[in-house]
Each structure stands twice: as C-alpha cells, then as structure tokens.
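[1] Sequence plus predicted model, see below.
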Amino acid sequence: MPSTRQRRPSPTAQRLKASTKDHSRRTLLDWLTLTFGQDRQSLAGPVTPTVLNWLFLVAMSAWIYLAGFSMTALYLLLAWLIVTLIRAAYVQRRRRDQLATIFSTLAPVAKLPAGTASHPTDPSRHIRKIKWGARALPETFTATLNSAAPAATAPLLRVGVESAIENLPHALSKSGGEWLCTWDRATVTAQAVPANDPRLTRKAYTRKITALIVQIFRVPATPAAASGWNVTIKDWDSAPTADGGASEYPTGLAVRCADRDLSDPVLRDQVERQIERAIPIPGEWLFTWDPATSSLSVDHADAESLDAKRKRTQRRLRDDISALVPARGKDPVVLDVIDWVNPEMDLPRTLHVSFGTLAVDDSRLRDQIEDRFDAAIVNRWSTARALFDWQHGATTELDITLVSHNDPKAQQRSALTRFRNVTNAKFGSARNPVTTEVLEWQPEISASGVALPQVARVNFGTVDVTKSDTKDAFQDHWDSIDNNMDWHYAWDTAAGYVEMRAVSKLPDAVAFPDEDAPDRKEIQALFRAGKVFIGLQKGGGWFVWDLNKIAHGLIGGSTGAGKSVLLDTILQGILTNRDLIEVVVCDLKMTDFAWTPEFPNTIVFAGTPQEACLAVAATKDEMERRKSLCNKRGVRNLGQLRALYARQPELEAEDGPCPRRRFLFFDEIGEFLAKSKDKDLEELLDVARSDLESIGRLARAFEINIVAAAQKPEAQVVSTQLKLQMQFRVCVGPVDEYTSKQILESNHGTRFPPAVPKGRAWAWTSASGFHLIQVPFLPSATEPAPWDPSLTIEGSRERLRAGLEAEGWMQIQVANSDGGQDPRWVRVEDDDPQPAIDAAQPDRDADRLPIGLPDNAADAYLPVDDFTPSEDVADLDDRAPLGDGPAVDPFSSFDVDPPWDTSDPADITPAAT
Ligand SMILES: Nc1ncnc2c1ncn2[C@@H]1O[C@H](COP(=O)(O)OP(=O)(O)OP(=O)(O)O)[C@@H](O)[C@H]1O
C-alpha cells in the first residue's frame with residue numbers, strides 16, 4: 001500500500017498559522033488582563049468593569065451551583081464572553097496605541113531608545129505604572145528618562161519633557177483637565193487632573209518662575225551648564241479673589257545658581273526687579289543673596305513689615321541716586337544701606353554708593369548730586385539731612401550719612417547749598433559757573449540759627465572780578481549773610497577768586513585807646529613811622545594812612561557825623577610827636593581847633609583867611625627851603641637827608657637840625673578857598689590856591705602834608721588839581737550822591753547801611769581802595785562817651801597835657817588878644833621859657849611866629865633820636881588784618897566792651913547779655 005506522504009505547509013501558511021496563534025494568545029491575554037484586572041475606570045464610585053465582571057462570574061457560579069446548569073446560564077455566559085472579548089480586543093488595542101503614542105512622544109526628549117525595525121523597543125519597559133481611564137486614555141503614567149536626557153540632570157530643563165507630556169491626550173482632556181508632572185530625579189510621573197485642580201495654579205506659577213529664572217540668568221540649555229541650577233517653590237499661600245474664591249501664590253523661592261557669580265549688584269538689581277514685575281504677589285518679595293553658595297532665597301513678606309519697608313527704601317534711594325548721574329560709562333550706580341538708624345525704623349543711617357569708573361569728579365556735578373539727593377531725603381523724611389563723603393580713586397565711592405536737620409554738619413551743608421545757589425545765580429551762568437566752598441566753619445550755630453562759614457572761598461571762573469562794581473556787588477551780597485559779623489575779603493583778581501574770613505563786626509562805637517593801652521602804643525609807633533591810624537575797618541584790621549606813600553588827605557562829610565573827631569585823632573598823633581612833627585592849623589571858624597596853639601609843635605594857628613594865606617605861603621617857602629637843602633646835600637628827600645645827617649653829624653651841625661614833618665591842617669578848606677569879594681584877600685587867596693597846588697604836587701619828598709576838611713569840597717572851590725593830589729579821602733557819615741562824588745569820586749558816601757552810627761565813614765586811598773571804617777571817639781576835651789555816659793573818655797587836650805608834664809614841660813598862661821589868658825607850655829629847664837606861639841599874637845609877629853623852623857627849635861623839641869622806624873613798626877599796617885588767626889577785636893583792650901566774647905577768638909556769636 002503506497003504510503004501517502006503528508007505535504008509540509010508553505011512558509012506563508014506557517015507564518016499565518018503562527019500569527020493566528022499569536023493573535024489568539026494576545027486576544028486571550030488581552031481579554032484576561034482587561035476583564036479581570038485592568039478595566040478599572042470607575043463607573044460609579046469603586047465600581048469598575050473589572051469588579052462587575054468578577055461579580056457576574058461569582059453570581060453565575062452561585063446560580064449554576066444552586067439551580068444547576070441551564071441553557072439560560074450558558075447563553076448568558078456566552079453573551080458575557082462575547083461582549084468582554086470584543087471589548088478587550090478593542091480597548092487593549094487602543095491602549096497599546098496610546099502607549100505607543102506616549103512613548104514616541106517622550107522618546108526624543110527623554111532620549112529613550114527607539115529599538116530597531118525588527119526589534120522595536122517595548123514602550124511598556126519605559127512607560128510604566130499606567131493607569132487607564134475612560135476611552136482607553138491614560139490617567140497616570142511614569143516614565144524614567146535616559147540619563148543622557150537634559151531633563152534627567154538639569155531640573156530647569158524639565159520643561160521640554162513636561163511640554164511633550166502636556167501634548168498627550170488623557171482621560172480628562174474632554175473635561176478640560178491637564179497633565180501634572182511630578183519628578184523624582186530622572187523619573188517623571190504624569191497625572192491627569194481635572195481643570196479645577198488647585199495644583200494647576202502651582203504648576204503655572206512653577207513653570208513661569210522657572211522660565212523667568214532661565215531667562216533672566218540666561219541659563220544655558222545644555223545639561224552640563226544647567227545641571228547646577230534649580231528653582232524650588234518653598235511654600236504657597238492663598239489670597240481671596242474678587243469673585244469670592246481664593247487663588248494661590250508662592251511665598252518663597254529657592255534658586256540654586258550653579259556657580260554663577262551673584263556678587264554683581266547690577267545682576268542682583270535686575271533679577272529682583274524682574275522677579276517682582278513677573279511674579280506679583282500680595283505683599284513684598286525679599287531677596288537674600290548668598291554669593292558663597294551661589295543661591296538666592298526669595299521670600300514673601302507683609303508689605304507693611306519692617307523688612308519690606310527697608311527694601312523699598314533702599315530701592316527708592318538707589319533709584320534716586322541713579323537718576324542723578326548722567327548715564328555715561330558702563331558702570332552702574334550701586335547704593336547699599338549699610339545700617340539703619342534703629343532696629344525699628346526704615347530710616348537709613350549710613351549708605352554707600354559706588355559709582356565705579358563713572359566720571360563724577362566734576363565738583364559741579366557732585367554738588368548737584370548732593371543737593372538733589374539731599375532734597376529727595378528731605379522729601380521723604382522732613383527732619384533728616386544727608387552728609388556726603390566722597391572718595392575719588394580708581395573708582396568713585398561715596399559714603400552718605402543721614403543726620404538730624406539740627407545737626408551742625410547738616411546745617412553747614414544746607415547753608416553751603418544756599419550760599420552756592422545764590423552766589424551762582426547772581427554771579428555765575430550755565431557756561432561759567434561760580435563755585436563756592438567753605439574751607440572752615442564756625443564752631444557754633446549763629447544767633448539766627450544757621451551755620452556760618454569761618455573761611456569761605458568763591459571762585460569766579462572766567463567772570464571778570466577786576467571791576468570794582470562786581471567786587472562791591474559780591475561783597476554786598478555776602479555781607480547780607482548775617483548781621484552779627486563782618487567779612488574780611490581777600491581778592492585774588494588775577495586768579496579770579498575771593499576768600500572770605502568771618503571777623504568781628506565793626507563796632508558801632510569805640511573809644512580811642514587810653515594812653516597806656518597797647519593799642520595806643522601801637523598807634524603811636526605807627527605814627528612815628530609816618531602812618532596815621534584812622535579807624536577800625538570793616539573786615540578786620542585798622543585803616544592806616546601811609547604818609548610815605550600818600551601825602552595829602554581830604555576829609556568830608558555831613559555836619560555832625562564825626563569829622564572833627566576824626567581830625568582830633570589825627571591831631572592827637574601830630575601833637576604827641578613834637579620831636580618829629582610840626583603843624584600849621586588853619587581854623588577859620590576858630591571853634592573846633594582853637595585849643596591847638598597851646599601845644600608846642602603847633603607852629604602856626606591861623607584864624608583868619610589872611611593868616612591862613614600867610615601860613616600857606618610860609619609853608620610853600622618852607623618847602624622850597626627843604627628842597628634846596630636836599631639839593632645842596634645831593635639827596636632826593638628828607639628821609640635821605642636825615643640818614644645822611646645821621647652818618648655825618650657835622651653836616652647837620654652846619655645846616656641846622658633836619659626839618660620836621662609838617663602838617664598843613666585846614667578845617668573847612670572850602671570856606672577858606674571860596675572866592676572872596678575882598679579884592680586884596682582874593683589876590684592873596686589866588687596865591688594861596690596856587691601855593692597849595694604846588695605843595696600838593698611837590699611836598700611829599702619834603703614831608704609836608706595837607707590835611708583838609710570840608711563838608712562839600714566842590715570842584716569850583718577846591719580845585720581838581722589840588723584834589724587830585726589828595727589821594728587819601730574820607731567821607732564821614734552818609735551824604736548825597738553829588739557830595740559823595742565831590743569827596744570820594746564815587747557813590748560810596750551813599751552806601752551806608754541803615755542807622756549809621758557816629759564816626760562811621762568810607763575811607764579810601766588809591767593804594768588800598770574803599771573801606772568802611774569806624775573812627776574811634778576822641779573828644780578834644782574829656783567828656784562822657786556819647787553812647788554810654790557812664791564811660792568817661794579822656795580828651796586829647798588832657799592827654800597831651802599829661803604827656804607834656806611827664807616830659808618836664810610846664811604850663812604857663814599868656815595873655816590873648818581878647819584880654820584873657822591862654823595856656824602855653826615851656827620846658828622847665830629853659831632859662832628863658834618861650835612859648836612856641838604867642839597867644840596874644842598868634843601870627844602877626846613874624847619874628848615870633850615860627851613859620852619855618854624857630855631858632856630855638858633844637859632846644860624846644862626833644863632830640864630826633866628814634867625817627868627811623870623799626871622794621872616792625874614799618875610793617876604794622878601791612879600785617880594781614882587777620883591772617884590765619886581768629887576774628888580778633890582789634891581794640892580788645894579798649895574800654896568799650898565789644899558785643900562778643902573776645903576771649904574766644906573764634907566765637908563771633910553775640911554773648912548773652
Ligand atoms: N567816632 C565817634 N564815635 C562816637 N561818637 C562820635 C564820633 N564822632 C562824633 N561823634 C559824636 O558826634 C558829635 C559830632 O561830632 P563832630 O563834631 O566830630 O561832627 P562834625 O562832622 O565835625 O560836625 P561839624 O561839621 O558840625 O563840626 C560828637 O560830639 C560826638 O557826640
């Protein structure tokens with residue numbers, strides 16, 4: 001029987017058979033897995049299809065056991081089997097598709113291996129713990145990233161994976177739910193949550209914050225660079241929303257910044273501002289930077305908390321100062337509060353500002369920064385003031401200290417600001433600013449409650465300060481700073497600056513010093529050196545008329561202002577120095593100076609115009625005599641002649657004693673020189689006028705000096721020629737502009753402060769310019785001080801008499817033309833006492849009238865032994881009125897108590913009385 005050989009199935013048939021077998025097995029597996037294990041989406045509470053399937057089987061088993069197997073049971077079982085089989089085939093296939101989708105979506109970002117075409121990667125090896133929901137869509141799953149994936153090592157880069165997950169459909173997609181990702185190192189668990197899940201708000205915040213950190217720190221997207229970065233939300237809080245709900249917000253962030261340098265203040269500032277702007281929260285973000293660990297902690301604080309206030313303060317001050325610096329250069333302006341006034345306040349005590357290499361060394365810019373910053377401080381804290389301490393080096397640093405507005409330093413600053421602004425506004429311009437600096441402050445606040453400089457300097461830049469109008473205007477302005485003191489001005493017009501030093505106020509009245517007072521001795525020493533003390537000058541020091549430089553003087557002023565008193569002080573020097581000086585007194589009124597003939601060196605007293613004309617003529621002759629004497633001895637002036645005689649006494653023995661300095665003294669010269677109706681007199685006057693002009697022109701070398709007083713020295717009376725020679729002028733008391741011009745050739749006579757005290761005058765020499773002075777009070781006869789009757793001022797007559805007595809002179813009485821008697825002085829040792837001037841005939845007897853040198857002059861006057869002034873004396877009026885010294889009362893030894901405490905030279909504050 002032939003064996004029938006069975007044919008082997010074809011490969012296609014074999015593959016079909018195997019596939020059918022696989023399919024059947026997978027269908028069975030799918031059915032078993034889904035029906036009895038994984039059909040777990042909830043139908044109602046804990047009831048899931050799997051639970052129903054198990055319940056159905058249990059119920060069927062119980063039924064068959066109790067009722068026996070029946071066809072109904074069979075049909076039911078078959079129906080269930082078919083339904084579950086179909087469901088399993090459909091659901092499991094869809095789930096596999098979903099899993100494949102999840103895998104294929106995540107594989108690129110999670111760097112998951114895709115496998116090969118023949119051996120594709122099984123997605124369930126990487127996507128695990130899947131919980132399926134409705135419509136075969138995932139509800140949760142876990143994926144473990146490949147260690148090469150950026151998100152596996154760099155938390156800030158997880159957003160790529162999360163975004164991929166968020167694109168996947170899930171069981172709650174339809175109802176608007178979202179994926180929520182939680183990370184455990186490289187493992188991400190995705191969970192679909194409903195749209196109203198509060199964690200979604202946190203997710204949004206976290207995502208935004210992370211993106212912000214990446215953006216503001218420019219975190220590189222490479223795993224290596226980003227691995228040290230992390231952002232953690234420390235905690236959350238919720239705030240009520242407008243619709244009555246509540247919304248969550250983060251209350252703390254911890255940012256780890258790999259090895260980024262966090263010490264850069266600009267970066268910090270930018271980060272802080274951006275975080276605040278991007279993540280607004282109810283309250284305030286506080287930033288704690290730790291450059292050592294490269295970490296930043298951002299914490300929420302109540303907006304009204306101290307820390308929040310301090311942060312805002314620091315931020316605003318930083319903005320204030322930054323706004324004041326022109327944005328030049330790269331360096332930012334960084335302000336830090338170093339410490340606070342006290343632990344409970346947000347008022348800073350010290351601040352530090354770093355300007356880096358910004359160009360802020362221009363003093364104007366610095367002043368502007370200081371003024372405006374100070375204004376900002378005052379705006380914020382009305383009682384606080386800022387003090388500034390600049391340090392310029394490679395970088396510019398500034399320490400700012402806030403102090404109370406009562407602090408002396410603060411007052412100094414605000415005073416300086418005021419001076420600076422006013423001075424600049426008045427004298428400067430935008431192109432040419434005038435800068436004011438205070439070199440030294442007075443230690444005390446002034447009576448008016450402001451800080452005042454002791455020494456200040458104003459630099460005028462290119463403003464022309466050679467003009468006296470500009471100088472005067474500036475001095476008037478500066479004088480108005482305070483009424484309790486004066487200023488000494490030292491101008492350097494070439495360099496364009498003036499330095500002011502606070503000095504004692506010019507007193508309203510001061511007595512001429514007592515004869516034994518040091519100031520009197522100094523005045524005397526000056527006089528003997530040819531320097532006539534005139535008065536105390538405003539700004540400190542004495543106004544001294546140097547006869548060696550300026551020969552003739554004119555004193556004008558309104559009646560009763562103190563002209564005669566000034567002339568008395570000059571006469572006092574003349575009459576005291578009998579050995580050196582002689583004087584011709586012309587007093588046509590015969591009132592104020594009628595007492596002068598009593599004294600030995602009044603060689604002529606002229607009381608009528610004729611006498612005065614004679615006196616002038618005789619003085620002119622004397623000038624000629626002196627001139628020819630000098631010519632004879634080949635010297636140019638009397639000083640040289642005196643020196644020659646000192647070297648060669650035999651010459652003096654031959655010529656006779658060297659002539660003394662002669663003063664030609666006129667009271668009311670205007671009245672004397674005015675045109676006379678008397679023809680003879682007018683002829684004499686004409687000669688006198690021209691004699692006076694030549695004396696004015698030539699007499700300096702021969703030591704003849706004119707001192708003339710006139711209320712109104714009008715040009716038609718006192719000739720311009722003569723006035724031109726009188727380069728020492730004084731205007732006592734205020735006068736109108738016309739008179740001022742007659743006296744001073746300027747309007748200074750109109751420029752007196754209100755309530756002019758007696759003896760206040762403008763004095764001028766061509767050498768020293770104008771000075772406001774106070775003439776000390778010296779009456780011709782002892783009388784009470786007009787400003788204080790309890791003080792008695794010894795008159796010049798009494799002083800001179802005492803001096804004569806002390807020197808061995810004796811007063812005698814001589815008959816005068818009125819039948820009375822006048823006093824005269826004679827040397828006691830003289831055999832034949834002979835007064836210098838006969839009282840009865842003051843000028844009518846040429847023999848006895850010593851116009852020129854009297855024959856007995858050598859006996860009558862003390863020897864000329866100390867004429868040559870010592871250097872000290874010669875320099876007395878050149879001394880710096882105040883120098884570096886304090887504001888000194890130049891007549892501190894006077895009887896009048898000055899209105900301030902002279903024991904403390906720096907103290908210009910009026911003493912409490
Ligand atoms: N330096 C002074 N200090 C204080 N008081 C003064 C001073 N000078 C003058 N007086 C007061 O003013 C009065 C008038 O002064 P004085 O006689 O010198 O004025 P005068 O200008 O010479 O007036 P006249 O032109 O009328 O002679 C004095 O009696 C005195 O009371």
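    Thanks, I have the structure now.
[2] of all of this structure, which residue lies closest to the ligand?
    Using CB to the nearest ligand atom, the closest approach of the chain to the ligand is made by G759 at 2.2 Å. Just so you know, the C-beta spots here come from the backbone N, C-alpha and C atoms, and that holds for glycine as well.
[3] From what I see, that residue and K563 are in contact.
    No - G759 is not in contact with K563 according to CB atoms under 8 Å; the separation is 9.8 Å.
[4] Overlap in contacts, the two.
    Residues touching both G759 and K563 (CB atoms under 8 Å, 6 or more residues apart in numbering) are V732.
[5] secondary structure element for E798?
    Assigned by DSSP states H and E, E798 belongs to helix 796-806.
[6] Report the backbone C-alpha coordinates of that helix in PDB.
    The C-alpha trace of helix 796-806 is given here as PDB (Å, rounded to 0.1, in the frame of the first residue of the first chain):
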ATOM      1  CA  SER A 796      43.100 164.800  73.600                       C
ATOM      2  CA  ARG A 797      43.900 168.100  75.400                       C
ATOM      3  CA  GLU A 798      44.100 166.300  78.800                       C
ATOM      4  CA  ARG A 799      46.200 163.500  77.300                       C
ATOM      5  CA  LEU A 800      48.600 165.900  75.700                       C
ATOM      6  CA  ARG A 801      49.000 168.000  78.800                       C
ATOM      7  CA  ALA A 802      49.700 164.900  80.900                       C
ATOM      8  CA  GLY A 803      52.300 163.800  78.300                       C
ATOM      9  CA  LEU A 804      54.000 167.200  78.400                       C
ATOM     10  CA  GLU A 805      54.000 167.300  82.200                       C
ATOM     11  CA  ALA A 806      55.500 163.800  82.300                       C
END
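[7] Quick one: name whatever helix or strand follows it.
    With elements assigned by DSSP H and E, the helix or strand that comes after helix 796-806 is strand 809-815.
[8] Is S746 in a helix, a strand, or coil?
    coil (DSSP: H, G, I helix; E, B strand; the rest coil).
[9] ok, it - how many residues close by?
    The number of residues packed near S746 is 18, by other CB atoms under 10 Å.
[10] Run a quick neighbour tally on the closest residue to it other than its chain neighbours.
    Nearest non-adjacent residue to S746, counting by CB to CB, 6 or more residues apart in numbering: S740, 6.7 Å away. Counted with other CB under 10 Å, the neighbours of S740 add up to 21.
[11] Who are the contact partners of S740?
    Residues near S740 by CB under 8 Å, 6+ apart: 731, 746-750.
[12] Next: L567.
    555, 592-593, 665, 667, 707, 709.
[13] Shouldn't Q391 be within a strand?
    Yes - under three-state DSSP, Q391 falls within a strand.
[14] In this structure it contacts L398, no?
    Yes - contact criterion CB under 8 Å: Q391 and L398 qualify, at 7.3 Å.
[15] out of the contacts of L567, who has the most neighbours?
    Sorting the contacts of L567 by how many neighbours each has (other CB under 10 Å) puts I555 first, at 30 neighbours.
[16] State the three-state secondary structure for it.
    I555 - assigned by three-state DSSP - is strand.
[17] who does it bridge with?
    A709, V730 (DSSP bridges).
[18] ok, it touching L566?
    Yes - the pair I555 / L566 is scored as a contact, 6.0 Å apart, by CB under 8 Å.
[19] what about the closest residue to I550 other than its chain neighbours, how many residues close to it?
    For I550, ignoring the flanking residues on the chain, the nearest one in space by CB to CB, 6+ apart is Q727 at 4.4 Å. Around Q727 there are 18 other residues, counting by other CB under 10 Å.
[20] How about L112?
    Neighbours of L112 under the rule other CB under 10 Å: 22.
[21] For this structure, list the residues in contact with the ligand, please.
    509, 557, 559-565, 592, 732, 758-759, 775, 777, 786 (CB under 6 Å from any ligand atom).
[22] hmm, back to that, what's the helix holding E798 in contact with?
    Residues beyond helix 796-806 that count as contacts (CB under 8 Å, 6+ apart) turn out to be 515, 568-569, 571-572, 575-576, 595, 598-600, 778-782, 811, 825.
[23] Filter these down to the buried ones and hand me the PyMOL line.
    Burial among these is assessed by 16 or more other CB atoms under 10 Å; the matching PyMOL selection reads:
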select buried, resi 515+568+569+571+572+575+576+595+598+599+600+778+779+780+825
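[24] Quick one: mark the members of the contacts of helix 796-806 that sit in helices.
    For these, the ones inside helices are 568-569, 571-572, 575-576, with DSSP state H as the criterion.
[25] sorry, back to before: so what sits against both of I555 and L566?
    With CB under 8 Å, 6+ apart as the test, I555 and L566 both reach 730, 732.
[26] re the thing from before, check the ones in helices among the contacts of helix 796-806 and tell me the two furthest apart.
    D568 and T576 (12.1 Å; CB to CB).
[27] Of all the contacts of L567, the one with the weakest confidence?
    Lowest in pLDDT among those is D592, which has 89.
[28] which other helices and strands contact the helix or strand hosting A225?
    Secondary structure assignment for A225, by DSSP H and E: helix 223-226. With contacts taken as 3 or more CB pairs under 8 Å, 6 or more residues apart in numbering; DSSP states H and E, helix 223-226 sits against helix 150-153.
[29] Much appreciated, bye for now.
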